[in-house]
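Undergrad: Have a look at this fold, sequence not included:
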Ligand code: ADP
Ligand code: MG
């Protein structure tokens with residue numbers, strides 16, 4: 001689960017992490033009061049969307065245009081102007097995709113005097129089974145370019161969970177960031193605070209870019225991005241409360257209500273499959289035959305008729321779907337249950353695109369008989385290869 005920058009900073013602040021003062025707003029009318037509360041003389045108006053690259057982003061509406069989703073303001077009036085331009089406008093960044101994201105919230109923050117921008121992130125490194133720090137002296141808006149062109153400028157080290165964070169990690173961090181004296185001491189404190197927060201809140205990723213050195217010699221987190229482990233959310237109701245559903249795909253929200261593993265994609269072939277491995281194989285073979293899947297969907301092992309119906313509705317609600325491929329290997333899942341679910345869903349929502357069904361396994365004959373008796377216009381397939389070829393030619397109108 002992801003949260004906004006201002007929420008991430010509030011979480012980190014409770015662990016003592018140095019962040020700037022700021023006020024989140026939802027309406028342009030709130031901008032002046034927020035700016036006055038902070039006092040100035042420098043403010044930053046920051047678009048809150050679940051995507052990075054905001055500073056270099058472009059708005060779709062010409063008013064704010066290509067000035068970016070993070071703007072420095074030198075007066076209360078400027079804060080108001082930028083807030084009015086950004087709220088409700090669509091921001092396109094390298095991370096949002098061409099459709100962009102609508103800005104519904106802003107963070108008005110006090111401006112910092114920046115001496116240097118550094119990079120710091122933390123993640124769970126699966127190869128070492130440890131939490132790793134990834135840091136660089138080259139922070140700011142182009143870390144991807146640094147990673148690509150000068151990878152030697154990126155330093156990483158991991159923390160042994162048996163010892164936890166130790167003073168030598170702080171020294172390693174300071175050395176990697178080129179910090180000395182009091183700044184090195186601050187880096188040590190920051191390492192401990194961030195590691196403690198990361199573990200306590202079950203984060204999977206934390207990125208501070210930039211981490212800055214201010215002109216008066218202080219370390220400060222100027223941007224913050226946090227992702228939390230979905231499977232641990234049950235122990236963090238405070239984190240769940242930060243969820244912003246407007247940032248999530250509606251189809252994925254609906255799928256999560258039925259405990260379906262669903263991820264929306266950009267292609268044209270809707271897939272309903274049981275088992276993550278089979279779902280991946282199905283997506284691969286669709287690509288092999290030259291089309292793209294519209295989604296990943298694993299209905300799970302013991303899916304009920306209700307679950308299958310919900311899954312089918314989610315697939316057909318996607319306007320990009322030009323054909324549907326149902327690929328079920330009945331193990332725990334029974335083919336006749338699947339068939340009943342599909343028929344119930346079609347009766348409810350109709351079927352306006354070609355449907356290819358490949359059934360195999362438990363109760364396969366019963367399942368096929370139910371579908372044949374339904375009078376539905378279903379193209380049946382014998383195996384995965386046959387199914388993929390049939391749905392690809394069906395969406396191509398052959
Ligand atoms: P993004 O990474 O999405 O572009 P950031 O929060 O990193 O957004 O902001 C982009 C840049 O704007 C930063 O690298 C920094 O130079 C500047 N910036 C952000 N917040 C402040 C602030 N409070 N004071 C001064 N400059 C800021
Ligand atoms: Mg940033």
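TA: Thanks, I have the structure now. Note that the structure is a prediction, hence the values are computed from the model and not measured. Ligands and ions are numbered 1, 2, ... in the order given.
Undergrad: need the contact list for residue 394.
TA: 323, 354, 356, 379 (C-beta atoms under 8 Å, 6 or more residues apart in numbering). (Glycine included, C-beta is placed from N, CA and C.)
Undergrad: Quick check: chain neighbours aside, which residue is closest to residue 21?
TA: In space, and not counting its chain neighbours, residue 21 is closest to residue 110: 5.0 Å by C-beta to C-beta, 6 or more residues apart in numbering.
Undergrad: Could you dump the contacts of residue 394 into CSV with pLDDT, distance to ligand 2 and neighbour count added?
TA: Shown next, in CSV, are these (pLDDT from 0 to 100; distance: C-beta to the ion, whole Å; neighbours: other C-beta atoms under 10 Å):
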residue, pLDDT, distance to ligand 2, neighbour count
323, 96, 40, 24
354, 93, 45, 19
356, 94, 45, 24
379, 89, 49, 17
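Undergrad: Turn the residues you listed into JSON lines, including distance to ligand 1.
TA: Formatted as JSON lines, the contacts of residue 394 follow (distance: C-beta to the nearest ligand atom, whole Å):
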{"residue": "323", "distance to ligand 1": "38"}
{"residue": "354", "distance to ligand 1": "42"}
{"residue": "356", "distance to ligand 1": "42"}
{"residue": "379", "distance to ligand 1": "46"}
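Undergrad: Next step: these restricted to strands.
TA: Those of the contacts of residue 394 mapping onto strands are 323, 356, 379, per DSSP state E.
Undergrad: Report the contact partners of the second one.
TA: Counting by C-beta under 8 Å, 6+ apart, residue 356 makes contact with 323-326, 378-381, 387, 390-391, 394.
Undergrad: And the furthest pair within those?
TA: Farthest-apart pair in these is 323 and 380; separation 14.3 Å (C-beta to C-beta).
Undergrad: wouldn't residue 38 be in contact with residue 21 here?
TA: Yes: if you go by C-beta atoms under 8 Å, residue 38 and residue 21 touch, sitting 6.0 Å apart.
Undergrad: the more surrounded of the two?
TA: When neighbours are counted by other C-beta atoms under 10 Å, residue 38 and residue 21 differ, and residue 38 comes out ahead with 20 against 12.
Undergrad: Beta-bridge partners for the nearest residue to that one once chain neighbours are set aside, please?
TA: Ranked by C-beta to C-beta, 6+ apart and with sequence neighbours excluded, the top spatial neighbour of residue 38 is residue 110, at 5.1 Å. On the basis of DSSP bridges, residue 110 is bridged to residue 43.
Undergrad: This protein: helices as residue ranges?
TA: 5-13, 31-38, 76-86, 143-149, 167-176, 181-200, 237-240, 250-257, 276-288, 305-316, 335-349, 364-373, 384-395 (DSSP state H).
Undergrad: Against which helices or strands is the fifth one packed?
TA: Using 3 or more C-beta pairs under 8 Å, 6 or more residues apart in numbering; DSSP states H and E, the elements in contact with helix 167-176 are strand 130-136, strand 154-159, helix 181-200.
Undergrad: quick one: buried residues of the longest one?
TA: Okay, so that is helix 181-200. For helix 181-200, a neighbour-count test (16 or more other C-beta atoms under 10 Å) marks 183-184, 186-188, 190-195, 197-198 as buried.
Undergrad: just how off-centre is that helix within its chain?
TA: Computed by C-alpha atoms, centre = their mean, to the nearest Å, the separation of helix 181-200 from the middle of its chain amounts to 26 Å.
Undergrad: What about residue 113, how many residues nearby?
TA: Around residue 113 there are 10 residues (other C-beta under 10 Å).
Undergrad: what's the pLDDT at the residue nearest to residue 74 when sequence neighbours are not counted?
TA: Leaving aside its sequence neighbours, residue 74 sits nearest to residue 42 (C-beta to C-beta, 6+ apart; 6.5 Å). Per-residue confidence at residue 42 stands at 97 (pLDDT).
Undergrad: do the one 5 residues further on as well
TA: Looking at residue 47, its pLDDT reads 97.
Undergrad: OK, contacts around it?
TA: Residue 47 neighbours (C-beta under 8 Å, 6+ apart): 54, 57, 69-70, 86, 91, 103, 106.
Undergrad: Need the max-distance pair from these.
TA: Among the contacts of residue 47, 57 and 106 lie farthest apart (C-beta to C-beta), at 13.7 Å.
Undergrad: For the stretch 101-250 of the chain, which residues score under the pLDDT cut-off?
TA: Within the stretch 101-250 of the chain, no range satisfies pLDDT under 70.
Undergrad: Number of residues surrounding the residue nearest to residue 2 when sequence neighbours are not counted?
TA: In space, and not counting its chain neighbours, residue 2 is closest to residue 50: 4.8 Å by C-beta to C-beta, 6+ apart. Neighbour count of residue 50, defined by other C-beta under 10 Å: 18.
Undergrad: now swap in residue 74 and tell me
TA: Neighbour number of residue 74 under other C-beta under 10 Å is 12.
Undergrad: So it versus ligand 2, what's the distance?
TA: Counting by C-beta to the ion, to the nearest Å, the separation of residue 74 from ligand 2 is 21 Å.
Undergrad: For ligand 1, see how far away that residue is.
TA: 12 Å (C-beta to the nearest ligand atom, to the nearest Å).
Undergrad: residue contacts, that residue?
TA: Counting by C-beta under 8 Å, 6+ apart, residue 74 makes contact with 41-43.
Undergrad: Thanks a lot, catch you later.
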